[in-house]
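*Asks:* Below are the sequence and a predicted model for it; my questions follow.
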Amino acid sequence: MSNRGSARWMVYKGELDSVLLIRFLERLVRSMKGRKVYLILDNRCMTASR
């Protein structure tokens with residue numbers, strides 16, 4: 001959530017794996033155009049690479 005109230009998200013089918021997470025992060029960084037990004041991830045197994 002930005003200080004202007006906007007949020008970034010991506011719709012996908014299936015499970016969230018490390019490849020999909022990296023794709024989302026690449027798109028997020030590209031869309032922010034040099035602005036800071038604070039990313040918070042929990043310790044759930046879906047965010048851990050196998």
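*Replies:* Looks like it arrived, so ask away.
*Asks:* what's the neighbour count on residue 29?
*Replies:* The local packing of residue 29 (other Cβ atoms under 10 Å) involves 13 other residues. In short, each C-beta sits where N, CA and C put it, glycine included.
*Asks:* which stretch of helix or strand covers it?
*Replies:* In this assignment (DSSP states H and E), residue 29 forms part of helix 18-32.
*Asks:* Give me the mean pLDDT for stretch 13-26.
*Replies:* For stretch 13-26, mean pLDDT is 86.
*Asks:* From residue 13, how far off is residue 33?
*Replies:* 28 Å (Cβ to Cβ, to the nearest Å).
*Asks:* nope, residue 5 is what I meant
*Replies:* Residue 5 is 28 Å from residue 13, by Cβ to Cβ.
*Asks:* Could you do residue 24 as well?
*Replies:* 14 Å.
*Asks:* burial count for residue 9?
*Replies:* Residue 9 has 7 nearby residues by other Cβ under 10 Å.
*Asks:* for residue 17, same thing?
*Replies:* Residue 17: 14 neighbours (other Cβ under 10 Å).
*Asks:* Equivalent analysis for residue 21, please.
*Replies:* By other Cβ under 10 Å, 16 other residues sit near residue 21.
*Asks:* cool, and residue 28?
*Replies:* So residue 28, with other Cβ under 10 Å, has 14 neighbours.
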